[in-house]
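**Q** With the sequence up front, the predicted model follows.
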Amino acid sequence: MAFAQKKDRPVVQFSGFAMSQDSMTGIPFAHIGLRGSNRGGVARVDGFFSFAVNEGDTLYFTSLGYEPSTYIVPTGVEDSKLSTIILMHRGAIPLHQVDVYYWGSRSNFPQAFRDARPPKDLDERAMENTNASLLSALGETLPIDGGEAAQRYMQIRAQQAYYYHQQAPQNIFNPLAWAEFIRALKNGDFKKKAPPELPKNDY
């Protein structure tokens, strides 16, 4: 009987915009449901919607972050067309409390508390980052940068230009170079050395 009464009601082309009441902007992809059926629709990105309903139908407008809104299609619509604006109020979404433990669970707290280290202040970190021995060790292990490479290349080019069209002197005939070589050999400068150990820097 109810199905027959619904069929007897005129069909209306229902169009409009789902808009936020506080900003008067369209609500993208707002969902429109028809009470008592599985029919419905989704608004466009600007909040516009348009679909066929019967006079007297109850419509539900829902969207994430907004309170549901109800609209009843009036009777006696002229030209079987109806346009309106649905204003929706912003609503809070209640969420359950979530406790986040970086140590995993409560049972791991005692061990994490014993192993915890107090955080370092900015002055202590700055002193460690400008440590002379640390910077010296890094300077021996890191490759040269672009500026230093360009400077060395320009020095080599300048030395080549200085002896252009003539034989450059060979250090094998330089007595001062030989004296420096013998001194370094006695001091053990040519022995294989272990790489420098970087200072420990705990953050």
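**A** Nice, I can see it. Residues are numbered from 1 along each chain as shown.

**Q** host element of Ala158?
**A** helix 146-162 (DSSP states H and E).

**Q** and Glu180, that one's in a helix?
**A** Yes - checked against DSSP: H, G, I helix; E, B strand; the rest coil, Glu180 lies within a helix.

**Q** Any idea how many residues pack against it?
**A** Using other C-beta atoms under 10 Å, Glu180 is surrounded by 12 other residues. The C-beta positions use only the backbone N, C-alpha and C, and glycine is treated the same way.

**Q** so what's the backbone phi/psi at Ala132?
**A** Main-chain torsions, Ala132, degrees, to the nearest 10: phi -70, psi -40.

**Q** Can you tell me how far it is from Arg39?
**A** 77 Å (C-beta to C-beta, to the nearest Å).

**Q** In terms of neighbours, single out the busier of those two.
**A** Arg39 (14 against 7).

**Q** got the contact list for that one?
**A** Gly33 (C-beta atoms under 8 Å, 6 or more residues apart in numbering).

**Q** how near is it to Ile32?
**A** Counting by C-beta to C-beta, the gap from Arg39 to Ile32 is 9 Å.

**Q** now Pro74
**A** 17 Å.

**Q** Which one's more surrounded, the two?
**A** Between Pro74 and Ile32, counting by other C-beta under 10 Å, Ile32 is the more crowded of the two (23 against 11).

**Q** domain assignment for the protein?
**A** For the chain, the structural domains run 2-88, 145-190, going by automatic domain parsing.

**Q** closest to Pro94 out of the ones you listed?
**A** Counting by C-beta to C-beta, Pro94 lies closest to domain 2-88 out of these; the figure is 12.5 Å.

**Q** Need the CA coordinates for the helix holding Ala158. CSV is fine.
**A** Output in CSV follows, covering the C-alpha atoms of helix 146-162 (Å, rounded to 0.1, in the frame of the first residue of the first chain):
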residue,chain,number,x,y,z
GLY,A,146,84.3,21.9,-4.9
GLY,A,147,86.0,25.2,-3.8
GLU,A,148,89.2,23.4,-2.6
ALA,A,149,89.3,21.3,-5.7
ALA,A,150,89.1,24.4,-7.9
GLN,A,151,91.8,26.1,-5.9
ARG,A,152,94.2,23.1,-6.3
TYR,A,153,93.5,23.0,-10.0
MET,A,154,94.2,26.7,-10.4
GLN,A,155,97.5,26.3,-8.5
ILE,A,156,98.6,23.4,-10.8
ARG,A,157,97.7,25.5,-13.9
ALA,A,158,99.6,28.5,-12.6
GLN,A,159,102.7,26.3,-12.0
GLN,A,160,102.5,24.8,-15.5
ALA,A,161,102.2,28.3,-16.9
TYR,A,162,105.2,29.5,-15.0
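
**Q** Which parts of the chain are strands?
**A** Taking DSSP state E, the strands of the chain run over residues 11-20, 31-34, 40-42, 48-54, 58-63, 66-72, 81-88.

**Q** just so I know, which of those strands lies nearest Phe109?
**A** Once the strands of the chain are compared by C-beta to C-beta, strand 66-72 is nearest, at 40.5 Å.

**Q** List the beta-bridge partners for Ile32.
**A** Assessed by DSSP bridges, Ile32 has beta-bridge partners Gly41, Phe61.
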